[in-house]
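Visitor: Any chance you can model this:
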Amino acid sequence: QVQVVESGGGLVQAGGSLRLSCTLSGRSMVIYHMGWYRQAPGKEREFVAALSRRDAQTSLRDSVKGRFTISRDNDKSTMYLQMNDLKPEDTAVYYCAASKFFQNFGDQPGAMDSWGKGTLVTVSN
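Guide: Prediction:
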């Protein structure tokens, strides 16, 4: 059974940076497309970014383009989300997801093979 675990969240001032990590275990990461979602207090979970198995396709939410970068290291079974120029509206719990189907990533996610428990990112003014 595949599992994903997020790390790297924390408190940062507006304009600052954080790098989130997501480590996959139980299967080889190379067979999964990987992505990030977030959920702010009182709001629905929303898609942030996704990266296909071998980096051929990338998808980013419009509001994070130019600020967030998604990457992966299959040898380390780890995916990253580099977040720069953070804004208070980026405050949310960030979740990692793994799926064998890239089309499952989006604002209406399809069935994922695994979801993480989330890591909290708080951006202060």
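
Visitor: if I look at residue 123, how far off is residue 8?
Guide: 14 Å (CB to CB, to the nearest Å). Using the backbone N, CA and C atoms, a C-beta is placed for each residue, glycine as well.

Visitor: okay, which residue is most central for the protein?
Guide: By CA atoms, centre = their mean, the chain has its centre lying nearest to residue 36, at 2.2 Å.

Visitor: in what helix or strand does that residue lie?
Guide: strand 33-39 (DSSP states H and E).

Visitor: Direction included, what does that strand pair against?
Guide: Here strand 33-39 is paired, per DSSP bridges, with strand 46-51 (antiparallel), strand 92-99 (antiparallel).

Visitor: who touches the first one?
Guide: The contact list for strand 46-51 (CB atoms under 8 Å, 6 or more residues apart in numbering) reads 33-39, 57-61, 64, 68, 70-72, 79, 81, 94, 102, 105-107, 109.

Visitor: show me where this protein has strands.
Guide: Assigned by DSSP state E, the strands in the chain fall at 3-7, 10-13, 18-25, 33-39, 46-51, 58-60, 68-73, 78-83, 92-99, 114-115, 119-124.

Visitor: And residue 111, what's its pLDDT?
Guide: Confidence at residue 111, expressed as pLDDT, is 86.
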